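**Student:** this is a predicted model, with the sequence first.
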Amino acid sequence: MPPEPAPPGLLALLRESITTPQKLAARLMRWGLPLGTVVELVVLLCVLDALLVGMVGGGRFVLPVSEDEMLSLGPLAHAVLLFVSLTLSAGAIQVAGQMLGGRGRLTEALLLMGWLEVVGLAVQVVQALILLLLPPLAGLAALAGLGIMLWCLVHFVRELHGFHSYGRTIATLLLALVALAIGLTLLLGPFIAPLEAAHV
């Protein structure tokens, strides 16, 4: 019996995320990871992201909450907020897709949202290098990074719910965006209100 091929490395998975995102999403879901394992992986990812942001930002993460107000978060608060955001995103995409006839499950949705965050971190690293080496191209790199994230998200959601058209995929994302905006507003409300009161 021939030996089983070695699992692809991180760089190969990242490359596949961009070139064939729907195929990559199918590969990740075939792993069949239980919810507990996915949650642990997402928590680890959030902690690593918070440490990276903390090192780059001097230990603080700044979140814009209005045109002239910023909310400064420590690494722990950043990790918690990121975890909640990813969980809410996964739940919103799963529920919205099922409302439109999709088949996605929460475990798979959370796994794909976690991997999308990995792709986002890789994009940020590339953008930082371009900013250091080729500053005039920083704006173009930012637009390209946004395009890559949207490209991956659309195809991840399409594969998650088994949609054959982009119409229901886009509708799922719009419904999920509205639900996520409401959820984050309720979540950040207790922190934003004191800032607004102090500004008045």
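**Tutor:** Structure received. These numbers come from a predicted model, not from an experiment.

**Student:** the helices in the chain, which residues?
**Tutor:** Here the chain has its helices, by DSSP state H, at 10-19, 21-30, 35-56, 75-99, 106-133, 138-161, 166-199.

**Student:** ranking those by burial, who's on top?
**Tutor:** Comparing the helices of the chain by mean neighbour count (mean count of other C-beta atoms under 10 Å), helix 75-99 ranks first with a mean of 20. C-betas here are computed from N, CA, C, even on glycine.

**Student:** would you turn the helices of the chain into TSV with mean pLDDT?
**Tutor:** Shown next, in TSV, are these (pLDDT from 0 to 100):
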stretch	mean pLDDT
helix 10-19	93
helix 21-30	96
helix 35-56	87
helix 75-99	91
helix 106-133	93
helix 138-161	95
helix 166-199	77
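
**Student:** now do the end-to-end distance for stretch 125-145.
**Tutor:** 11 Å (C-alpha to C-alpha, to the nearest Å).

**Student:** centre of the chain to that stretch, how far?
**Tutor:** In terms of C-alpha atoms, centre = their mean, to the nearest Å, the centre of stretch 125-145 is set 20 Å apart from its chain centre.

**Student:** next: stretch 152-162.
**Tutor:** Put simply, stretch 152-162 sits 13 Å off its chain's centre (C-alpha atoms, centre = their mean).

**Student:** quick one: Leu121 from Trp115, how far?
**Tutor:** Separation of Leu121 from Trp115 (C-beta to C-beta, to the nearest Å): 11 Å.
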